[in-house]
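1. The sequence and its predicted three-dimensional model are supplied below.
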Amino acid sequence: MLTNPTARLRQENARRKLCARLLPAANLILWECPVAKSVTVSSINICNTGTVQTNFRLFHLIASESASVTTALMYDMLLQANETTLYELQAYMNPGDRLVAYASTASAVAVSVFGSEQ
């Protein structure tokens, strides 16, 4: 049986959900790029499922970096109660790179990351 290499390539590079997490009130690694892969993050859905407003932080860190104001993509972004925000971007990640997030209210912010692995 012959396979279509173009269809296989499309499937491997298809946009998909990379992870989904409920954030604690501390920095949490949302996604770490696997060894021997590269990842393009295309969108991040941020949803405050709580009944009070909360602050949200998002960091894109290369292997040796730590979360700080200099590595922030979003810093203390205010999310109203029951608010959902879609953040569209083109973040290219290499092995060991991480997306780290923080919410000021524990177990209130759900984050889903979408992209493709190459």
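-> Everything's here; your move.

2. Report the helix or strand with the lowest average pLDDT across the chain.
-> helix 5-12 (a mean of 48; mean pLDDT, DSSP states H and E).

3. Beyond it, next helix or strand please.
-> Stepping forward along the backbone from helix 5-12, the first helix or strand reached (DSSP states H and E) is strand 16-22.

4. What mean pLDDT does the helix or strand following that next one get?
-> Per DSSP H and E, the first helix or strand lying C-terminal to strand 16-22 is strand 28-32. Mean pLDDT, strand 28-32: 94.

5. Poorly predicted segments of the chain, please.
-> 1-13 (pLDDT under 70).

6. now the strands for it?
-> 16-22, 28-32, 39-48, 54-61, 72-79, 84-93, 98-103, 109-117 (DSSP state E).

7. Tell me how far the nearest residue to Asn82 once chain neighbours are set aside lies from Lys37.
-> Take Asn82 and drop its neighbours on the chain: the residue closest to it by CB to CB, 6 or more residues apart in numbering is Asn48, 6.3 Å away. Every C-beta, even on glycine, is put in place using the N, C-alpha and C of the backbone. As defined by CB to CB, to the nearest Å, Asn48 lies at a distance of 31 Å from Lys37.

8. which one of the two has more residues nearby?
-> Asn48 (23 against 11; other CB atoms under 10 Å).

9. contacting residues around that one?
-> Counting by CB atoms under 8 Å, 6 or more residues apart in numbering, Asn48 touches Thr54, Phe56, Leu79, Gln80, Ala81, Asn82, Glu83, Thr84, Ala108, Val109.

10. cool, and Tyr102?
-> Taking CB under 8 Å, 6+ apart, one finds Leu23, Ala25, Ala26, Asn27, Leu28, Phe56, Arg57, Ala67 in contact with Tyr102.

11. What is the burial count for the second one?
-> To tie it back to what came earlier, the one meant is Ala25. Neighbour number of Ala25 under other CB under 10 Å is 14.
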